[in-house]
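Peer 1: okay, predicted coordinates and the sequence, questions at the end:
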Amino acid sequence: MIYDPTGVNYVMNTLQAASYLGVPSELIDEMVTKRSIPFTKVGERVVFSKAALDYWVYAKSMENLRDDLPNLGFQRKAG
């Protein structure tokens, strides 16, 4: 089977996840230790789902956008 890194079901190791996210692998290791990034273990190996990382990045960006909306001139509706 040939793995397609653009495929939704692609699974990555730490170095691949770091490259995909554009961060140092040491940061990925720290985030795994703190459990602040989605990962799973296969035996002793830590692996990352591309789909889970994509969703995690999306969710984090939405949190940041929500926090930034008042600074961009958007006000929360009184309710």
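Peer 2: The structure has been received and is ready for your questions.
Peer 1: name the residue closest to the centre of the protein, please.
Peer 2: residue 53 (3.4 Å; CA atoms, centre = their mean).
Peer 1: which helix or strand contains that residue?
Peer 2: helix 50-68 (DSSP states H and E).
Peer 1: tell me what the helix or strand bottoming out on mean pLDDT in the chain is packed against?
Peer 2: One helix or strand of the chain scores below all others by mean pLDDT, DSSP states H and E: helix 50-68, with a mean of 86. Judged by 3 or more CB pairs under 8 Å, 6 or more residues apart in numbering; DSSP states H and E, the packing partners of helix 50-68 are strand 11-12, helix 14-21. Heads up, the C-betas are built off the backbone N, CA and C, glycines and all.
Peer 1: mind listing what's buried along the longest one?
Peer 2: Residues of helix 14-21 classed as buried under the neighbour-count rule (16 or more other CB atoms under 10 Å) are 14, 16, 17, 18, 20, 21.
Peer 1: same question for stretch 24-31.
Peer 2: 28, 31.
Peer 1: how far off centre is it?
Peer 2: 12 Å (CA atoms, centre = their mean, to the nearest Å).
Peer 1: residues in contact with it: which ones?
Peer 2: Contact with stretch 24-31 is made by 14, 15, 17, 18, 21, 37, as judged by CB atoms under 8 Å, 6 or more residues apart in numbering.
Peer 1: so how far is residue 25 from the second one?
Peer 2: In this structure, residue 15 and residue 25 are 5 Å apart, going by CB to CB, to the nearest Å.
Peer 1: make JSON lines out of the helices and strands packed on helix 50-68 and add mean pLDDT.
Peer 2: Shown next, in JSON lines, are the helices and strands packed on helix 50-68 (pLDDT from 0 to 100):
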{"stretch": "strand 11-12", "mean pLDDT": "93"}
{"stretch": "helix 14-21", "mean pLDDT": "94"}
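Peer 1: need those in JSON lines with distance to residue 67, can you?
Peer 2: Shown next, in JSON lines, are these (distance: least, CB to CB, whole Å):
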{"stretch": "strand 11-12", "distance to residue 67": "29"}
{"stretch": "helix 14-21", "distance to residue 67": "21"}
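Peer 1: which among those is found nearest to residue 49?
Peer 2: strand 11-12 (5.9 Å; CB to CB).
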